[in-house]
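[1] Turn this into a structure:
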Amino acid sequence: MPKVTVIYGEETKTISAEEGEILGDVIARTGLPLEQPCAGRGTCGKCKVLVEQGIAPPDEVEKKNLTPGELALNNRLACRAKVQGDTQIVLSPIVVYSNKIFKGSSRYKHEKDVPLGLAIDLGSTTVAAFLTMLDNGEVAAGGGGLNQQTVFGSDIISRLAAALNDSANVKRLHRLALASINQATDSLNLPARIWDRIEQVTIVGNVAMHHLLAEQPLESLAYLPFQPHSTKSIKDAKSLMDGIFPAHVRVSLPPLIGGFVGSDALACLAYFGFDNPSGPMAAIDLGTNGEVMVTNGERILVTSTAAGPAFEGVNISCGSRAVDGAIVQVSLDNDDFKLETIANAEPIGLTGSGLLSAISEFRRVGIIQPSGRINPNCTVYADKISQDDQGTRRIQLVPDKDLYLTQLDIRELQKAKGAIRAAIDVLMQQLDLEPQDLERVILTGSFGAQVDVEAILEIGMIPPVKKEAVETIANGAGFGAAIFLTEEGFALGEKLARESKRKSAPLTAQFKGIALVVLATVFWSSSGIFISFIMEESDLSAVGLAFWRDLTTFLVLLLGISVTNPKRLRVKKCDLPWLAAMGAISIGIFHILWNNAVVMIGASLATVIQCNAPIFVTVMAYFVFKETITSHKLAAIALAVVGTILVSGLVGNGGEWKIIPVGVLIALGSAVMYGTFSLFGKKISSNYSPWTILLYVFGFGTIALFLYQLGTLDPWPSSPAIIPWFAGLVLISTIAGFASYTAGLQKLPASAASITAMTEILFASVMAYIFLGERLDVWQILGAILIISGVAIVSLDKNKVNHNA
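    Here you go, the predicted model:
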């Protein structure tokens with residue numbers, strides 16, 4: 001069998017290998033550190049090693065990821081190269097944390113009676129160790145290193161897959177976790193006399209790291225509902241450590257919260273004061289398995305996200321860890337790029353913070369469009385924009401150097417940003433919080449500590465809060481683990497684990513969004529009933545009814561919000577034009593047209609025709625936003641036109657209108673106005689509570705209607721018989737309906753909301769049949785089906801475009 005000798009710094013290991021075995025698998029068995037961020041798929045090109053003879057010729061993947069010069073110097077990709085004979089491999093050194101990164105205290109060296117502890121954060125990418133004085137919890141020194149499990153991939157899913165596919169990998173991953181912890185503690189350079197004073201070690205990590213370290217079953221993490229085997233703490237974990245700590249040291253693992261939310265998030269909760277907050281706050285651990293924590297001052301909600309390793313510079317074409325020459329900031333200097341690198345060395349690649357800085361700056365000046373696409377029409381920096389051999393657009397960062405920011409790199413950050421922001425928004429919605437309610441937003445983790453807060457706010461990774469409210473802390477999990485070193489601190493961790501509620505963000509948001517929109521359609525369906533009875537029992541005109549409806553709704557909302565949560569009365573000045581347009585057009589004009597349509601053609605038919613709203617939105621987007629009219633959209637428009645003709649009664653009635661033509665046109669006009677509600681609402685719905693949006697739009701709607709009928713305002717009707725019908729129109733059809741739909745828009749894409757809202761036809765038809773005796777004939781039912789089909793097609797087509805953008 002071939003012998004493979006692996007050299008890493010001053011350490012050398014020789015191991016037997018099978019002929020044809022992948023070199024990366026051989027190196028993994030030695031326990032020496034090798035990064036394979038893509039889990040050995042050959043897509044990242046990061047596992048370069050220096051080889052001698054005994055390796056098979058490079059395949060096409062290696063030729064694609066390595067330059068001819070690198071191949072000539074015997075550089076190979078460990079995940080692709082195959083062993084053919086005896087060989088020697090040299091691994092590149094992996095930069096680890098330096099003690100200088102963590103400011104500590106030297107008191108522990110002089111006060112020899114003070115007991116010590118070690119707090120360890122076993123992260124997916126890096127492992128940090130903190131020497132802590134147990135008398136007051138003060139961190140004295142810190143160090144760390146790379147998590148050597150990256151040989152199985154940079155993300156925890158790849159590692160879980162490796163463990164589940166081969167039971168031998170479970171033990172390997174366990175040993176690599178121990179080796180990483182050992183490397184982190186070694187970086188502290190602690191003499192024997194200090195080790196003699198260390199009494200306690202506490203190790204925190206995400207659920208996958210915890211289970212691999214504790215050698216617990218992993219199957220439950222791989223399948224729905226993705227729950228840990230156990231969330232209980234392990235107060236005596238010494239037997240799991242394979243002797244890496246002295247015999248007298250106690251080792252404990254704090255409890256997990258649940259799902260993929262582990263004891264590292266629990267440590268953050270303890271360190272940031274979530275047990276006794278002064279007010280609403282949020283904390284985000286920006287890492288591969290990003291955790292999000294939010295409290296309203298009473299309840300604590302947490303979740304984890306598959307943010308991916310982009311924050312660590314991994315899966316980025318020119319990504320780099322924080323080493324000399326790594327780019328940490330990008331700015332513009334006249335027409336050129338100004339790059340700030342570590343140690344002011346020659347640039348070699350982008351760190352996570354450099355990636356964020358570059359994208360934020362390029363977006364600001366138009367090199368990158370708001371959608372994230374590299375702008376092919378950018379003229380000022382046109383010489384820096386090109387395409388690679390696969391047609392992928394890229395931006396050259398350094399002249400005459402193969403250092404680019406590519407379209408795929410931007411997408412990697414977008415995925416990470418989307419995961420983090422979605423989690424924050426869902427937890428805030430669960431706690432009924434708005435961005436302006438947050439008193440503190442803490443960014444932590446190795447990336448969170450060095451991030452440019454302005455860039456984070458610029459790309460919308462966190463909610464729009466004041467810059468002064470955002471704090472950056474290097475390693476909240478590690479410092480929180482230091483709290484758990486004492487019995488009192490460990491008890492606090494167990495208390496927080498019991499009180500914290502884990503949320504599965506995507507499923508919670510989607511199901512609640514659908515339920516809210518369906519509920520809204522039930523409420524809206526009742527409006528035709530109320531309007532019909534009010535118009536019959538009073539002398540109100542359609543405009544007059546719209547005015548009194550909107551005014552009463554505004555006053556009820558104003559009173560309710562003023563009493564329950566006055567903070568919701570505040571909005572940004574820049575959003576007032578959107579709210580004014582939404583109120584005047586989407587509420588004021590819509591209610592006038594809708595009232596007339598119900599009176600002229602009936603509630604059920606008016607509802608069916610109004611469901612053309614998404615079709616009109618598509619047409620308006622073509623003229624206003626220059627969106628392309630696809631073949632699917634043309635088909636949808638055709639179906640809607642034919643469906644509207646059938647609903648109007650022209651077919652099956654001798655070529656004569658079965659209903660009033662003007663009523664059909666008015667109903668179509670109400671559909672146009674109704675469509676603008678989704679356009680305007682989606683623009684600002686994520687910034688405010690649904691109640692705040694409704695308050696302002698009904699206020700502006702009232703003003704618009706008052707000005708419209710200035711001098712001819714209908715007086716409030718004297719008949720007391722309409723009061724219960726009017727109360728139902730305001731409280732049920734209006735406030736409850738619009739609040740439910742606006743809340744649903746915050747949790748669903750506009751396309752999904754539009755399709756779900758089609759259930760209004762069913763509810764409206766049933767109610768109109770029961771209360772008003774209205775019914776649709778066969779042709780009208782067929783027309784309704786065609787309209788619904790057209791709306792579904794255009795909504796799904798729009799969703800596909802948004803997904804591909």
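[2] Tell me the helix or strand right after the helix or strand containing residue 647.
    Secondary structure assignment for residue 647, by DSSP states H and E: helix 631-648. Toward the C-terminus, helix 631-648 is succeeded by helix 661-684 as the next helix or strand (DSSP H and E).
[3] helices and strands around the following helix or strand past that following helix, which ones?
    Next along the chain after helix 661-684, taking DSSP H and E as the criterion, comes helix 690-708. Judged by 3 or more Cβ pairs under 8 Å, 6 or more residues apart in numbering; DSSP states H and E, the packing partners of helix 690-708 are helix 542-564, helix 576-581, helix 590-601, helix 737-745. Where you see a C-beta, it was placed from the backbone N, CA and C, and this is true even at glycine.
[4] Let me know the next secondary structure element after helix 690-708.
    helix 723-728.
[5] name the element the residue lying closest to residue 644 once chain neighbours are set aside belongs to?
    Spatial nearest neighbour of residue 644, chain neighbours left out: residue 609 (6.1 Å); criterion: Cβ to Cβ, 6 or more residues apart in numbering. Assigned by DSSP H and E, residue 609 belongs to helix 603-610.
[6] How far does that helix sit from its chain's centre?
    Remark: helix 603-610 is offset 37 Å from the chain centroid, using Cα atoms, centre = their mean, to the nearest Å.
[7] What mean pLDDT does that helix get?
    What helix 603-610 shows for mean pLDDT is 77.
[8] now stretch 629-639
    On average, stretch 629-639 scores 79.
[9] buried stuff in that stretch?
    630, 632, 633, 636, 637, 639 (16 or more other Cβ atoms under 10 Å).
[10] Present those as JSON lines; the columns should include distance to residue 61.
    Formatted as JSON lines, the buried residues of stretch 629-639 follow (distance: Cβ to Cβ, whole Å):
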{"residue": "630", "distance to residue 61": "36"}
{"residue": "632", "distance to residue 61": "37"}
{"residue": "633", "distance to residue 61": "40"}
{"residue": "636", "distance to residue 61": "43"}
{"residue": "637", "distance to residue 61": "47"}
{"residue": "639", "distance to residue 61": "47"}
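[11] got any ranges where the stretch 551-700 of the chain has weak pLDDT?
    Counting by pLDDT under 70, the ranges of the stretch 551-700 of the chain that qualify are 621, 624-628, 648-659, 678-679, 681-683, 685-686.
[12] buried set for stretch 702-721?
    Neighbour count says stretch 702-721 has 702, 703, 704, 705, 708, 714, 717 buried, by 16+ other Cβ under 10 Å.
[13] mind putting those in JSON lines, pLDDT included?
    What follows is the buried residues of stretch 702-721, written out as JSON lines (pLDDT from 0 to 100):
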{"residue": "702", "pLDDT": "94"}
{"residue": "703", "pLDDT": "94"}
{"residue": "704", "pLDDT": "91"}
{"residue": "705", "pLDDT": "91"}
{"residue": "708", "pLDDT": "85"}
{"residue": "714", "pLDDT": "86"}
{"residue": "717", "pLDDT": "83"}
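[14] what's the closest of those residues to residue 544?
    residue 714 (2.8 Å; Cβ to Cβ).
[15] my guess is residue 373 contacts residue 407, does it?
    Yes. Assessed by Cβ atoms under 8 Å, residue 373 is found in contact with residue 407 at 7.1 Å.
[16] From the chain's centroid, how far away is the next helix or strand after the helix holding residue 609?
    Proceeding N to C from helix 603-610, the next assigned helix or strand is helix 613-624, under DSSP H and E. Distance, stretch centre to chain centre, for helix 613-624: 28 Å (Cα atoms, centre = their mean).
[17] For the spatially most central residue of the chain, give its distance to residue 290.
    The centroid of the chain falls nearest to residue 419 when counting by Cα atoms, centre = their mean (2.3 Å). To residue 290, residue 419 is 7 Å away according to Cβ to Cβ, to the nearest Å.
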